[in-house]
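Enquirer: have a look at this prediction, sequence included:
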Amino acid sequence: MVKGIIIIPTYNEIENIERIIRNIFSQRRKFDILVVDDNSPDGTATRVRTLKAEFPGRLHVEEREGKQGLGTAYIHGFKWALARDYEYIFEMDADFSHNPNDLIRLYNTCKRDNADVAIGSRYITGVNVINWPMNRVLMSWLASRYVRFITGMDIQDTTAGYVCYKREVLEAIDLDKIQFVGYAFQIEMKFKAHLLGFKIVEVPVIFTDRTRGTSKMSGSIISEAVFGVIKMKMKSLFNQIKD
């Protein structure tokens, strides 16, 4: 039984999806893959379905109606994985910004080093980002500093989207109460794990911006993160007072 599953949310990733699937399946450790596709008009889900026969029982696809957001895609994937026997559940982008070779390092951090959450961190050993313009690097780094200040989390890369969760972390978080669907989703998941006292460890990785396909970053996603963090922190303080 394969213990780890990689959840990959997709929208118009036809240029990357087959390559990332084959790369993950070529790793020394076996992982299953679940692609959660939001009705990509470019045929991403169709390409995944054609590959399922080549990887029976290991490649799965869930197709949703319309573009519903990153956060809801991951929550859909989390619930799918928790309904099965997976012990290690990963978040990963389809565009090779997250190097598949780092999957084993994240897995080992949870399996051998007893972390509950392993984060592929761009900022734990400096700034490890390739092909981003300087203004975007600065914005991302400042966003993580801002989130650390507001939330009190001792995490350098609070917005990272390359993460391994132990099963019990996702079981402990009420996934139906996760509020954010965009950039802030990653922050909220880490904050929930932090509040529940789980051990969170950052693993240094090199983040490389996509070379194929189109970025999904937008102003509304950034706005959600900036203003949502304050709301999230205030709500946690209110709940503590109420308890």
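Expert: Here it is on my side, so go on.
Enquirer: so, low pLDDT: which residues of this protein?
Expert: 1, 210-226, 238-243 (pLDDT under 70).
Enquirer: let me see the ranges of the helices in it.
Expert: Under the criterion DSSP state H, the chain contains helices at 17-25, 44-52, 70-82, 103-111, 134-151, 167-172, 183-195, 219-242.
Enquirer: which of the residues in the shortest one are buried?
Expert: Meaning helix 167-172. Residues R167, V169, L170 are the ones in helix 167-172 that count as buried (16 or more other C-beta atoms under 10 Å). Yep, even glycine has a C-beta here, placed from its N, CA and C like the rest.
Enquirer: gap between the first one and A83?
Expert: What that stands for is R167. Going from R167 to A83 by C-beta to C-beta, to the nearest Å gives 11 Å.
Enquirer: against N135, how distant is the residue nearest to N128 when sequence neighbours are not counted?
Expert: Using C-beta to C-beta, 6 or more residues apart in numbering and skipping the chain neighbours, the partner closest in space to N128 is I206 (4.6 Å). Separation of I206 from N135 (C-beta to C-beta) stands at 20 Å.
Enquirer: ok, those two, which is more surrounded?
Expert: Ranked by neighbour count (other C-beta atoms under 10 Å), I206 and N135 place I206 first, with 14 against 8.
Enquirer: that one: what's it in contact with?
Expert: Counting by C-beta atoms under 8 Å, 6 or more residues apart in numbering, I206 touches N99, R122, N128, V129, I130.
Enquirer: the second one touches V205, doesn't it?
Expert: Right, the one you point to is R122. Yes - assessed by C-beta atoms under 8 Å, R122 is found in contact with V205 at 6.8 Å.
Enquirer: list residues touching both of these two?
Expert: Taking C-beta under 8 Å, 6+ apart as the contact rule, R122 and V205 both touch N128.
Enquirer: these two: which has the busier surroundings?
Expert: Counted by other C-beta under 10 Å, R122 and V205 do not tie: R122 has more neighbours, with 27 against 23.
Enquirer: which residues does the nearest residue to the more buried one once chain neighbours are set aside bridge with?
Expert: Residue nearest to R122 in three dimensions, not counting chain neighbours: F207, with 4.6 Å by C-beta to C-beta, 6+ apart. Beta-bridge partners recorded for F207 (DSSP bridges): V129.
Enquirer: tally of neighbours for F207?
Expert: 24.
Enquirer: which ones are touching it?
Expert: Residues near F207 by C-beta under 8 Å, 6+ apart: S97, H98, G120, R122, N128, V129, I130, W132, Y162.
Enquirer: show me what contacts the nearest residue to L103 once chain neighbours are set aside?
Expert: Leaving aside its chain neighbours, L103 sits nearest to Q27 (6.0 Å; criterion: C-beta to C-beta, 6+ apart). For Q27, the contacting residues are P100, N101, L103, I104, by C-beta under 8 Å, 6+ apart.
Enquirer: now do Q27 against M234, distance only.
Expert: 42 Å.
Enquirer: and for N114?
Expert: 32 Å.
Enquirer: gap between stretch 31-47 and the chain center?
Expert: In terms of C-alpha atoms, centre = their mean, to the nearest Å, the centre of stretch 31-47 is set 16 Å apart from its chain centre.
Enquirer: if you could redo that for stretch 199-206, that was the one I meant.
Expert: Distance of stretch 199-206 from its chain centroid, counting by C-alpha atoms, centre = their mean, is 13 Å.
Enquirer: buried set for that stretch?
Expert: Neighbour-count burial for stretch 199-206, counted by 16+ other C-beta under 10 Å, picks out I200, V201, E202, V203, P204, V205.
Enquirer: can you go through the contacts of F207 and name the buried ones?
Expert: S97, H98, G120, R122, N128, V129, W132, Y162.
Enquirer: many thanks, we can stop here.
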